[in-house]
Structure formats: structure tokens, C-alpha cells
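Peer 1: this is a predicted model, with the sequence first.
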Amino acid sequence: MISTWVSVIVMLVAFVNGATNEDDMQPCAKVQTPSSVVPLGSPVTATCVIRDDCPVVIGQAVHIEWRLGDHFLPSSTIASESGRVSEVVIPSFNHTRAFLTCCVQASPIQIVGGVEIRAGYPPSAPQNLSCQTNLTTPNTLNCNWDPIEQETHLLTKYTLHTEIWDSNKNHTYNLPPGIHHYTIPRSDFFLFSDMEIYVKAVNELGEATSTHITLEPVSAAKFDQPKILKIQVVPNRYGCLKLSWCLSQHQAWLRDYRLSLEVRLKTADSSQWGEPILVSRAKPTRPMEQCFLLHGTQYLSQIRVRYQQSPWSEWSTSQSGVTLEKAPTGRLDSWMKVSGDHKHKQLNIHLYWKPSKQFRANSQNVSYIVSLQKGPGERGLLCSTTGNYCAFQLPERAKKVYLSAINAAGKSPPTEVYIYQPKALIAVSDVTAVPRDDTSLLVQWRSLVLTNLTGYVVEWRPLLKTDLSLIQFEIADRNQLSLAITGSFEPYKPYGISVYPRFKDGIGLPQTVNAYSRQKVPSVVPKLRIKKTWQSYIELTWDEIPLDQRNGFIQNYKVIYWDDKGPINVVNADLDERKVILRDLNKLSLYEAFLMVSTLNGNRNGSTIHFEIEPFDAVAVVMIVIACGVGLSLMIIFIVVTCFSNHKRLEVRFWPAVPDPANSSIKRWTSDSTRDTHLSSDTEEPNPIYLSHLSFLNLPMKLNKEDDDLWLNSAEDTSDLGDSICGSPFIPGYSGSNSDSVPYATVILSSCTSPPPRETHVYLRSESTQPLLETEESFSPKCYQNFAADGMAREQCFFGPSHNDGSEERTDPVILWEDFPFLRAFEMNDNQND
């Protein structure tokens, strides 16, 4: 945009400052350069010459300046009379396009002339020129080449040149800018005449020509895809097939020309094509034979054609054919696993086999038989199958079996398979299996025992499938400690690989590892579950990932948890336990946690759970309840033991005994006085029950205090201290031996006839500990309230001492004995003493 405006300004200045004569309109100055187009980076020289009649410089001193775009350039004035010529040298012109102007210093600066300079590179020769003939309708010759790699910054034109040698006709084709291919019409070339072709590139700095190519248009033709008509068996020729083929409809007119043909074959169960077989000078009208093929094998075939050095056509569609069948040849590789049934004296055998490198089935339909005898016949036949696995039982004395392959043409020579008993011997260790690629694994191991070792058997099977026929095996030599096993290994699926040592007399114990051909992150992540919480701890558990969803070996489990205040914590879990215990958690804080499962190829995060630690969790409550229960149980036990140890005291305390005077020990006291009682007759009324009786003892007149205490405190039996009067003689039928009477107390007196002594009478209680009534009274009886006399106060106790110690004599009052039966007994005892 700037350069455009500069050009406009230069033109306007030239127009204004130029001559006014329309016939002689010229600019004030003329700028001269060797070329307006120069190589990029080359030096540039320019000269500015101002006319004498230029109005800008008439009558003024001239000072010329140079500008390249917006920048001033140093210049030199060429010696001249007027000083109106100036020259500038640019050491390196690094602009692809710029305006160089000549200016006269004034106010403002006046542009008096200028020139545009462009820079770039000369073109390089076009590369990789190629032409190909199209034999479809219409026939054309298509030529292509690669453009110039380096940008020239200048407009470059391409032209295609052809020269036909036989006719000396030349053609030149001009191409639009940016086009690097051209299609020559059918009228400008001959199919079977050689012609020379080249491309020329031209710009303002030069030109370049590509390499000349010479070709025959028909030899540059790429034929259409040919077609296999049919594949037939050659009669009486084993391993040969005959192919009939033709060209496409557009090239059918070339059927009589000799073409080059390539054939490639593969068996029906193979995924790789064999090396192409070149057949030269082939004609579509003549079938082609392929021999040295496998017998009775189905083959797939494809062909392609070309003429001389023309490009090969595309491969044809596949056609199949089967060679003649022949009896199987070669031996079979076998692997036998034996286990003993000692109870029934039999061997359980699993036999696997596969074709060896020398084996040829020579048929599409092959079956296998296992028998006990080598010769033909069904006798001793153990199994017949079309697979590669068989299970059967044999007696313990069996030593070998025979394995043969059979097809419609015959039977292969039998392969002897010896029966080796398993041995409890470990001869293999450190078995590893690592993937080599998606279809193979490298198995390595170490040997522990070399004596009698004959080799190894490497066995593998998919762990997600239980079909025993899927077991595959390879046999390794005794000096071989690694083996690359190949097969249809599925990615992300586990395989069990076992290495068995083979001895001369048996098979050793295997060592087994699991392997993956390729791993990725697990398909699922188990969900965390809260198993239990207590105090500031919580235990989290999760289920095991199913084997079909692991997609690789589980390297570790990590539980990541955090709360809204604290940092993120990571806990590694044991692979076998599948549980973690989170410790030192804050109570009443809401936590979040998730499980991360990792394999060798990455990790996957599970869903997030939320949990909170309560101040009193279930465990704490249970512990408190248990502690309270234990304390309560101990207290109950203590109370029960205490009650049993003091049951009598407690029984008296809470359940007082109701006295039973009839069972009192006083009843068992005996005295001679009871013999004098009057026996009651049968006609009299039954005796009333008396709760006590009186016993009289003859004691000395004087009892001192010590003797009195001795009587009172003696623990001996007092039942014989005197005669016991068990009743009143005034009551008929009363007897001291009556079973219903209960003697309870004894009163000791000096004499019933003697005057009352000064000392107090002694009152002895019986040794019976049973109370008479509910409340036991004191040792001294209460005052007898019914007795009163003139000489004794009414409150005087009958059995107690007298409170009146007066010496005056008293007359005995008249006593009414019938009113006092106990006193009547005293009187009776006194009469007896007299």
C-alpha cells in the first residue's frame, strides 16, 4: 500500500514539475539502474539526473537525497558543473520488492524521480517427471512433476515439451501458474512410437529444464485390474493348479501381446501372502500352471499384469482352488498330561497334538485317531476326533499309545507317544513372560536340575475360557531357557503360561505365571464401602475386580481422601487384603474419598464417597454398654455373695421368725416336781396351754454377788436347777410333762416358807433362744398388776424385790389362791417340804 502511494506521489510530482508543454511532458529527474529485477541479496547501483529546466531547482542550490521505501540512504554527488547528478550504491538488496526514489532537499522535501526494484531467485529444474498412459476411453498420456522446492519470489512459468521421434513432431504446452501436471491428448502421441518429454521453468532471472525422459506410451500404461476366470486341478499331477485369466474390457484388444504376469498364493488358513511368482511372456489366451503346492490344500490366488516396464496393475480379486489329496505324511508333535487314579488302578490321560514342521495333512478334511495298537483296525481305538485334543483312561501298566492322521486318501505313519508318569520334582524356577508384540510373548526360565533332563514343554491357555482344547504348547530343548510363543493372543486378556521339565522317566512339576500381550487401565473400579468406624478411625473395603475387566496386572490400590479443611492424603493398600484403615480423622468433619486402581499402562479413578466421623460411634456405644454391663454384673455378684454369707442375719432382719412356744427348748426341761402333778382324766376338759411354769431350787441362804453373777452368766444348762412345776394343781389334768407346755423361765428362791430374804431373788431365763412373742422382753418380768396387799404397794413386782425395807412386822393378808394359780403352786411346794 505504501509503495503504491509512493508511485502516485512520484507521478504527481513529475506531472506538476514537468514541462508545461503537452508535447514534451517529462519528469524533472531520471533514475537509472542496471536492471529493475535483481537476485535477492545482490548489490544495486542507481543514478539520479535532474534536468536543468526543472522548476524545483531553478535558481536554487541543489542537494539530492535517496530514499529506499521510508529510509534515507547515503549517497555521493558526481562531479558536474551543476551538481545535479547523484549516485547511490545499495550493498545488499534484501527486499523482494521496493521503491528507490530521488529527492531534492527543500521545505518540504520534493520527490523528483524514482524506480521500482524487484528481487528473487532464478527457477530450479523441475524434478520427478513421470508420464503414464491411460488405456481406457479416451486414451491419454498424463504427465506429473514436482514443483520447485525453493520459492523464487518471482512469477515462474512452466511449459511441457514433447518430441515424437518417428514423425519429428514437436509440441509445446503452456501451463497456468501453479499447475504442475498436464494431460496430453491421444492425437499428440502414438502408442508404439518412442517420444521425448521434458518440462521447462522460466522467470525474469532465468530458466531451468527437467531431465528428459524417453518412453513408448504403451509401455507407460498401467493396465486395469485383470480377472481370474477359474482355477482347476491338473489331472494326475499332485500339487498343481491351472489358472485361466483375462484382461479388462478396455484392454481386451491386447490379448495377443506378450505381457508380464505375477501370481501370489496363500493357503486358506493363512493370513500372509506368499512371495509373488513372476511369469514372463504370458498371454491371456493361454492358461497358466502353478506346481509344487501342498497336496489336498485349498489355495487362494491373485494376479497382476504389465507391459514391459509399465507400472503393475492392481491385484485381481481372489479365487480359490484345491490340489489333489494324498495320504498325510510326517509326524505329529504331542504333549501328554497324566494323572493317576490309584483306587481304580487307572491313568487319566489328556493328550494334545499339533502338526510338526515336517507334517503334511495333504487334505482339507483330516481326522486323528489314538489307539493302543500300531496296525490298522478299530481294536484298541481310544478316541477319534477332528480336533487337537483327546482325553481317555488307560490301565496303569500301559506304556505308550499311537497317534495317526487320516484323510480320504489314506493314513499317516503312526506317531508313538510314550506315557510318562508325573514326578514330584521341581526343576524350573523364575519363570517370566513379557510381550514381544501384539501376537507373541517371550517366556524365560531358569533350570535347577540338569540330571536326566531331556527338555521342556511350554504350555499356555486363556484364563477366561475353560475349554481344554484351547490349550497350546511348544517343545524346547534342554539347553534352551527361553522361547518366543506366537498365536492369536487377544489384547487385554490374561493367559496362563506353564513350563514343565521333561525327564527320561517322567514329567516334573510345572511353574506357572500369568501374562498379557497388551495392557490398559481397568474397565471398572470397585466402589468403596465403609466396613466399620471407631473413634478417629475408619475401615474401607472394596470388592475384587473381575478377571475379565482388569485388562492387565493390578499394580496397586490407592485410597485418596480429604476434608474441606485439610490437605489431600494418599494411602496405599495391600493387593491381597483390599482394605485400608484411615487414621487420625477429625470428628464432625465431612470427608471425601475415592479409589484409584493402577496397571502398567495407566490408572483409573473410582466414584467418590462421603463419610463423617461421629463423636460417639457404634463401637464407642458398644464399649460403653459392655463396661456398664460388666460393672452391673459385678455388683449383682457381690450382692448375691453378701446375701448368701449373711443370710441368717438378713432373714431375721427382713423376715422375723414367729415364735412357736410348743417347740421351745424349755419344753425339754425335766424336774422331779412334775411327777407330783395331778393327772387329768379323760372326761375332763383339755388343759389350757401354759406358756411357762415355775421351778423351785434349794439354795443357800446367802448368795454373794459373784455367785449371783455366776448364775446369771453361766452358759451351762439350767434345766436341773430345781424342780419344775409345769402347771397348777388346782387345774385338773395339768401335768409338767404335757407336750403342749413350754417351760420358759426359772425363779430361784431361798425357801417358800422362810421369811423373805433381804437379797433379791434370782431370776434365771431358760437357755432357749426362741422368743416367746414377737418382741422379747427383758430378763425381769413385768410387775404383776393383779396383786395388791396392805403391806405391799400395788406397783410392787411379784417376783422382784420389795422397795420397802421397813422392819415393822406385817400380818399376812388373806390370800385368794384361786385367783393366783402360780402362787398356789408355791403353797403346794411348801406343804410338801413340811
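Peer 2: Yep, that arrived.
Peer 1: residue nearest the centroid of this protein?
Peer 2: Closest to where the C-alpha atoms of the chain average out (Cα atoms, centre = their mean) is Val597, at 4.5 Å.
Peer 1: surely that one is in a strand?
Peer 2: Yes - using DSSP: H, G, I helix; E, B strand; the rest coil, the assignment for Val597 is a strand.
Peer 1: touching, Gln549 and Lys520? I think so.
Peer 2: No - contact criterion Cβ atoms under 8 Å: Gln549 and Lys520 do not qualify, at 11.1 Å. For the C-beta atoms, the positions are set from N, CA and C on the backbone; glycine is no exception.
Peer 1: of the two, who's got more company?
Peer 2: Lys520 (16 against 12; other Cβ atoms under 10 Å).
Peer 1: ok, the more buried one - contacts?
Peer 2: 491-492, 551-552, 599, 601-602 (Cβ atoms under 8 Å, 6 or more residues apart in numbering).
Peer 1: can you map out the strands along the stretch 451-600 of the chain?
Peer 2: All strands of the stretch 451-600 of the chain, identified by DSSP state E, counting those that start in this stretch, fall at 453-462, 472-477, 482-486, 495-503, 506-509, 511-515, 529-534, 537-541, 556-563, 569-573, 579-582, 590-599.
Peer 1: show me the shaky parts of the protein.
Peer 2: Within the chain, the segments meeting pLDDT under 70 span 1-26, 59, 76-83, 375-379, 615-620, 650, 657-834.
Peer 1: how about the helices in it?
Peer 2: Secondary structure of the chain (DSSP state H): helices at 2-17, 618-645, 647-654, 705-713, 821-833.
Peer 1: against Arg67, how distant is the residue nearest to Ala106 when sequence neighbours are not counted?
Peer 2: Nearest non-adjacent residue to Ala106, counting by Cβ to Cβ, 6 or more residues apart in numbering: Val56, 6.9 Å away. Distance, Val56 to Arg67, by Cβ to Cβ, to the nearest Å: 16 Å.
Peer 1: same thing with Thr172?
Peer 2: Using Cβ to Cβ, we find Thr172 at a distance of 44 Å from Arg67.
Peer 1: settle it for me: which of the two has more neighbours?
Peer 2: Higher neighbour count among Thr172 and Arg67: Arg67, with 18 against 10, using other Cβ under 10 Å.
Peer 1: list the contacts of the more buried one.
Peer 2: Here Arg67 is in contact with 73, 100-101, 103 (Cβ under 8 Å, 6+ apart).
Peer 1: just the buried members of the residues you listed?
Peer 2: 100-101, 103 (16 or more other Cβ atoms under 10 Å).
Peer 1: any idea how far Glu459 is from Asp467?
Peer 2: Between Glu459 and Asp467 the computed distance is 15 Å (Cβ to Cβ).
Peer 1: and what of Val580?
Peer 2: Applying Cβ to Cβ, the value for Val580 to Asp467 is 39 Å.
Peer 1: Ala252 now?
Peer 2: The value you get for Ala252 to Asp467, if Cβ to Cβ is used, is 53 Å.
Peer 1: rewinding a little: can you redo the contacts of Lys520 as a markdown table with distance to Ala405 and neighbour count?
Peer 2: As requested, the contacts of Lys520 are exported to a markdown table (distance: Cβ to Cβ, whole Å; neighbours: other Cβ atoms under 10 Å):
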| residue | distance to Ala405 | neighbour count |
| --- | --- | --- |
| Pro491 | 33 | 14 |
| Tyr492 | 36 | 19 |
| Asn551 | 39 | 23 |
| Gly552 | 39 | 19 |
| Thr599 | 43 | 20 |
| Asn601 | 43 | 15 |
| Gly602 | 47 | 13 |
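Peer 1: start and end of stretch 253-264, how far apart?
Peer 2: Start-to-end span of stretch 253-264 (Cα to Cα, to the nearest Å) is 25 Å.
Peer 1: now do the buried residues in that stretch.
Peer 2: Buried residues in stretch 253-264 (16+ other Cβ under 10 Å): 254, 259-264.
Peer 1: and if you look at stretch 403-416?
Peer 2: Applying a neighbour-count criterion of 16+ other Cβ under 10 Å, one finds 403-407, 412, 414-415 buried in stretch 403-416.
Peer 1: check those against Pro126 and report the nearest one.
Peer 2: Distance to Pro126, by Cβ to Cβ, is smallest for Asn407 among the buried residues of stretch 403-416, at 62.9 Å.
Peer 1: for that closest one, list each beta-bridge partner.
Peer 2: The partner list for Asn407 in beta bridges (DSSP bridges) reads Gly410.
Peer 1: again, but for Ala515
Peer 2: Tyr495.
Peer 1: now do Ile609
Peer 2: Counting by DSSP bridges, Ile609 is bridged to Ala593.
Peer 1: relative to Leu540, how far out is it?
Peer 2: Here the criterion is Cβ to Cβ. By it, Ile609 lies 8 Å from Leu540.
Peer 1: re the thing from before, and the buried ones among the contacts of Arg67, which is closest to Glu204?
Peer 2: Nearest to Glu204 out of those is Leu100 (Cβ to Cβ; 17.6 Å).
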